[in-house]
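Novice: Structure, please.
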Amino acid sequence: MNQTEKSDKRSSRLFYGWYVLAASFVMLFFNSGAQFSIGIMFKPIIADFDWNRGSVSGIVFVNMVVYAISMLVMGKAYDRFGPKWVILTSVTFLGVGFIGLSGMSSFYEFFLYYGVLCGIGFSGSTVLVFTSLVSKWFMRWRGFVISLALAGGCLGQFFLIPFYTDMIIKSGWQSTCFFIGGIILIVNITLASLIVRGDPDKLGYKPLGANSDPLIIQPGKPADKNPDFGLKEAMKTPSFWLFTGVMFACGSGDFLISTHLVPFVTDSGISPLAAGGMLAWFGLFSLFGIIIAGPVSDLIGNKIPIMAAFVLRVLLFILILTVQNRTTFYIFSMGFGFTLLITAVLNVTLVGKMFGFTNIGILSGFITTIHHLGGGLLAYTGGIVFDQTNSYRAIFIFYTIMSLLAVVACIFIREKRHVIRS
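Specialist: Numbering: from 1, shown residues only. Purely as a prediction, here's the structure:
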């Protein structure tokens with residue numbers, strides 16, 4: 001078969017990137033359910049072991065630190081070995097961690113299984129890896145396609161958190177952890193092994209939208225005269241650090257609320273099942289946020305949607321600090337959920353727009369590392385503040401101020417292609 005016939009045959013098939021997108025959707029569906037399950041297990045674990053919120057929040061902090069540090073390693077591994085091996089390695093740690101949790105009997109084991117093993121596992125099995133993976137397969141509609149992939153995580157949280165909450169009530173959190181670990185291993189290993197491919201060029205494709213015939217490579221195209229940034233070069237720009245600070249603030253709120261939302265509302269008399277439902281709606285509304293954020297960023301850029309998300313967070317915290325009842329809890333859960341993954345979509349697109357996509361794994365990995373360090377720190381601080389004051393009010397006020405500072409930082413980010421200066 002000559003080259004023309006091979007090209008015609010390949011052009012007649014469905015673009016392989018769509019298979020990668022579908023696999024990413026399904027894996028994120030189950031992985032997101034696992035990631036947010038700590039919120040509904042928080043009080044049952046405390047009740048069984050007679051620990052306090054600061055102690056359990058401390059393990060969440062360890063999880064986030066390990067997650068963040070591992071993400072740097074996974075970013076480098078992604079750029080060197082590709083996404084398949086990163087996903088396979090990570091989900092092995094994640095599955096073993098959750099299965100280990102099902103039989104834990106001491107604080108040390110909680111530290112090991114959730115703090116360390118699950119922390120490593122989350123670093124290569126959640127948003128960053130899949131946004132980087134999908135972004136390499138699509139140039140046309142990139143923001144929208146990343147949104148579609150992340151929709152799997154949103155729907156996973158919406159459907160699985162109530163399911164897991166009911167399972168905890170009926171069978172206990174230990175059986176739930178065992179189930180989560182098993183399903184994570186089965187789904188991820190199967191799809192990563194059979195479908196995930198990270199480099200379109202190696203399969204003879206160009207990213208969709210790269211040229212007039214997006215499926216077929218056209219050799220001989222001249223190199224870009226403006227080379228892509230590495231981490232060292234990006235660190236020399238103010239925009240990189242401004243966006244990193246914004247992501248620190250983003251992560252701080254994300255994990256403060258995902259960890260403490262259920263304990264917070266159940267303290268006010270909401271039932272565990274209803275509280276789990278609020279966390280589920282939190283996840284569903286994050287779907288609406290990313291579906292809107294992707295196409296909007298394609299039209300008006302990334303800064304404005306990010307700023308709008310933080311403005312909404314400020315208003316929501318003012319609401320919850322002022323009025324606390326079932327209605328405001330639902331409004332807060334859905335509204336905050338709407339903002340949850342907007343930066344997850346726009347992290348890759350904004351960083352790629354400013355610094356290029358060649359080193360997107362390590363660049364986004366570093367920024368997301370800072371994001372998760374912020375998340376761990378505020379999740380832990382929230383538990384400590386509650387133990388000291390028997391209230392979340394002080395930490396909520398602190399985060400409201402942090403969100404205002406993030407809005408200001410966004411204004412000064414230069415959203416355009418940066419140039420390496422000699």
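Novice: what separates Ala409 from Lys303, distance-wise?
Specialist: Going from Ala409 to Lys303 by C-beta to C-beta, to the nearest Å gives 10 Å. For glycine as for every other residue, the C-beta is placed from the backbone atoms N, C-alpha and C.
Novice: brain fart, Phe98
Specialist: On the measure of C-beta to C-beta, Phe98 and Lys303 end up 38 Å apart.
Novice: neighbour count winner among the two?
Specialist: Each of Phe98 and Lys303 has its neighbours counted (other C-beta atoms under 10 Å); Phe98 has more, 26 against 19.
Novice: Touching, the more buried one and Ile184? I think so.
Specialist: Yes - Phe98 lies in contact with Ile184 (C-beta atoms under 8 Å); the separation is 6.7 Å.
Novice: Spell out the residue ranges of the helices in the stretch 51-200 of the chain.
Specialist: Counting by DSSP state H, counting those that start in this stretch, the segments of the stretch 51-200 of the chain that form helices are 53-81, 83-101, 107-110, 119-123, 127-137, 142-171, 173-194.
Novice: for the stretch 151-300 of the chain, which spans come out with low pLDDT?
Specialist: Along the stretch 151-300 of the chain, segments meeting pLDDT under 70 span 202-204, 209-225.
Novice: hey, where'd the strands end up in it?
Specialist: When assigned using DSSP state E, counting those that start in this stretch, the stretch 151-300 of the chain turns out to have no strands.
Novice: Which residues are in contact with the residue nearest to Leu128 when sequence neighbours are not counted?
Specialist: Spatial nearest neighbour of Leu128, chain neighbours left out: Thr368 (4.8 Å); criterion: C-beta to C-beta, 6 or more residues apart in numbering. Thr368 is in contact with 68, 71, 127-128, 247, 347, counting by C-beta atoms under 8 Å, 6 or more residues apart in numbering.
Novice: and which of these is nearest Leu312?
Specialist: Of all those, Leu312 sits closest to Met247, with 16.8 Å by C-beta to C-beta.
Novice: Neighbours of the closest residue to the closest one other than its chain neighbours, how many?
Specialist: With sequence-adjacent residues excluded and distances taken as C-beta to C-beta, 6+ apart, Met247 is closest to His371, at 4.2 Å. Using other C-beta under 10 Å, the number of residues around His371 comes to 29.
Novice: cool, Gly245 as well?
Specialist: Burial of Gly245 is recorded as 19 neighbouring residues (other C-beta under 10 Å).
Novice: same question, Phe81
Specialist: Neighbourhood size, Phe81 [other C-beta under 10 Å]: 12.
Novice: can you count the residues close to the closest residue to Gly103 other than its chain neighbours?
Specialist: Once flanking residues are discounted, Gly103 sits nearest to Gln174: 7.0 Å by C-beta to C-beta, 6+ apart. Gln174 has 17 neighbours, counted by other C-beta under 10 Å.
Novice: and if you look at Thr131?
Specialist: 28.
Novice: what residues are up against the residue nearest to it when sequence neighbours are not counted?
Specialist: Among residues not flanking Thr131 along the chain, Val348 sits closest, at 4.6 Å (C-beta to C-beta, 6+ apart). Applying C-beta under 8 Å, 6+ apart to Val348 gives the contacts 131-132, 135, 146, 360, 364.
Novice: Now the common contact residues for Phe98 and Ile184.
Specialist: With contacts defined as C-beta under 8 Å, 6+ apart, the residues adjacent to both Phe98 and Ile184 are Ala34.
Novice: quick one on the thing from earlier: for Ile291, find the nearest of the helices of the stretch 51-200 of the chain.
Specialist: helix 142-171 (5.2 Å).
Novice: residue contacts, Gly119?
Specialist: Applying C-beta under 8 Å, 6+ apart, the residues near Gly119 are 62-67, 70.
Novice: Could you check the pLDDT of Lys9?
Specialist: Note for Lys9: predicted pLDDT of 42.
Novice: Please report how far the most centrally placed residue in the chain lies from Gly153.
Specialist: In the chain, the centroid-proximal residue (C-alpha atoms, centre = their mean) is Val127; its distance is 3.7 Å. According to C-beta to C-beta, Val127 and Gly153 sit 7 Å apart.
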